[in-house]
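>>> Just a sequence and a predicted model for now, questions to come.
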Amino acid sequence: MKFSKFGQKFTQPTGISQLMDDLGDALKSDQSVNMLGGGNPARIDAVNKLFLQTYQALGNDGIVDESSSDSANSTAINSMSNYSNPQGDADFIDALVGFFNRHYDWNLTAENIALTNGSQNAFFYLFNLFGGAFIDEQNQSVDKSILLPLAPEYIGYSDVHVDGQHFAAVLPHIDEVSHDGEEGFFKYRVDFEALEQLPALVEGRIGAICCSRPTNPTGNVLTDEEMAHLAEIAKRYDIPLIIDNAYGMPFPNIIYSDAHLNWDNNTILCFSLSKIGLPGMRTGIVVADAKVIEAVSAMNAVVNLAPTRFGAAIATPLVENDRIKQLSDDVIKPFYQQQATLAVKLLKEALGDYPLMIHKPEGAIFLWLWFKDLPITTTKLYEILKEKGTLIVPSEYFFPGVDVDNYKHAHECIRMSIAADEQTLIDGIKVIGEVVRELYHER
């Protein structure tokens, strides 16, 4: 059996497929596994309780007589038994319009929002809309890329283009910084001088600029000044600025630094219900100019017929009464901040005298660890740790658009989830410490 070029692209091994396969195998394994890889959010009791109460209320809504032979017309049943239109669940979209206008005064209408089956689905659409082959005004084919102003970036971006990979990336400034009065931390910053001299940008071969905020994998939060500079560059070159808010404002709002969220017609904001605790609902949100929303809706119709409605049904009342913001601000963000503090403490205890640098924890649900001059690549370290029952993610997959063969730093870092329970963090970091110490000793 032979696959097309399209089929061959999507069936070849990729970083994201390996990650998801390993996570699935670990969940099925009879052996105990320290799950410090992957992006599954933590199971937080207060979060789960609220979602369960909302789900139960949806099931009871509209039911007058449970003994009646008539079908119950509950919100839950409606959300499961009827398609939405390709743009997504209308009630949820209206609730989001009200929420964003209430909190940010953006003057949105329903024409500015579309839903997708998760934010990964949204980026498949957006990166293929703005990256790849274009026909210019002279009827010539021009290949355009998505510009990532700060690498490393999200592992799931790398392979979403239908044909090949279309990325240009700028390597960061790396600044050593302190955190809570301690040394041993660093922070990535956008190298704007290199970015503005990038030939692909100057020559019109960039279709969009994209960044995640906070950044997956590092937890870096681009400053308001950096975001304003990126927005200005995008407008100057008449290309959109796409911002991935999967871990950011306003929900789940896992951001510890001082940051603000802005939108205009040249900005595309992407949100998700996954990191507030509903990853299985696969609900993504795109806020953009009406023309972009029309395109996303059209792609929904072809690929999915319509987005799933169940996550929207659960989230609608929580968006309408602002419980989703309260949950994010008062429960989810403090939980992960506490997890980050614990993980840093454990890492310092395990590797305090070794050349470990930790990216300053500013948000998201990960720590990004840099082992300077590690004797092996972190891809090999990943295999050793997996054999010892501890899953992390090696760094080389997080550099789309970068020639990692000629960038040593891309082979010296790992992403470690902090969403696990305390005992898993203790056990997993202990294994990481033992293995890394031995590697440095053997050097």
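Nice, thanks for sending it over.
>>> Tell me how far Cys413 lies from Phe371.
Separation of Cys413 from Phe371 (Cβ to Cβ, to the nearest Å) stands at 7 Å. From N, CA and C alone the C-beta is placed, and that goes for glycine too.
>>> Overlap in contacts, these two.
With contacts taken as Cβ atoms under 8 Å, 6 or more residues apart in numbering, Cys413 and Phe371 have Thr378 as neighbours in common.
>>> so where's the stretch 1-150 of the chain uncertain?
Low-confidence segments of the stretch 1-150 of the chain (pLDDT under 70): 15-16, 18-20, 23-24, 26-30, 61-74, 76.
>>> what sits opposite the residue lying closest to Ala151 once chain neighbours are set aside in the beta ladder?
Spatial nearest neighbour of Ala151, excluding adjacent residues (Cβ to Cβ, 6 or more residues apart in numbering): Ala169 at 4.1 Å. Following DSSP bridges, Ala169 is listed with bridge partners Leu148.
>>> What of Ile285?
Beta-bridge partners recorded for Ile285 (DSSP bridges): Leu115, Phe271.
>>> and it, what is it in contact with?
Neighbours of Ile285 in contact, by Cβ under 8 Å, 6+ apart: Leu96, Ile113, Ala114, Leu115, Thr116, Ser119, Ala122, Cys270, Phe271, Ser272, Leu273.
>>> count of neighbours near the second one?
The one in question is Ile113. Using other Cβ atoms under 10 Å, Ile113 is surrounded by 25 other residues.
>>> i'd like the first residue to be 701 from this point on
That works, and once the first residue is 701, the last one we named lands at Ile813.
>>> Give me the three-state assignment for the spatially most central residue of the chain.
Closest residue to the average C-alpha location of the chain: Ala946 at 4.6 Å, with Cα atoms, centre = their mean. With DSSP: H, G, I helix; E, B strand; the rest coil as the basis, Ala946 sits in coil.
>>> got it, and Cys911?
Under three-state DSSP, Cys911 comes out as strand.
>>> just Phe885 next, same as before
Of the three states, Phe885 takes strand according to three-state DSSP.
>>> Show residues contacting the longest helix anywhere in the chain.
Criterion DSSP state H: the longest helix present in the chain is helix 1122-1142. Residues outside helix 1122-1142 that contact it (Cβ under 8 Å, 6+ apart): 734-736, 1039, 1042-1043, 1046-1047, 1049-1051, 1054-1056, 1071, 1074-1076, 1081, 1084-1085, 1088-1090, 1092, 1116, 1118, 1120.
>>> Are any of the residues you listed buried, and if so which?
734-736, 1039, 1043, 1046-1047, 1050-1051, 1056, 1071, 1074, 1081, 1085, 1089-1090, 1092, 1116, 1118, 1120 (16 or more other Cβ atoms under 10 Å).
>>> What about these, which are in strands?
Asn734, Met735, Leu1056, Phe1071, Thr1090, Met1116 (DSSP state E).
>>> distance of the fourth one from Ala1012?
In this structure, Phe1071 and Ala1012 are 42 Å apart, going by Cβ to Cβ.
>>> Please apply the same query to the last one.
Using Cβ to Cβ, one obtains 32 Å as the distance from Met1116 to Ala1012.
>>> now Ile846
According to Cβ to Cβ, Ile846 stands 28 Å off from Ala1012.
>>> What of Asn760?
The gap separating Asn760 from Ala1012 is 18 Å, by Cβ to Cβ.
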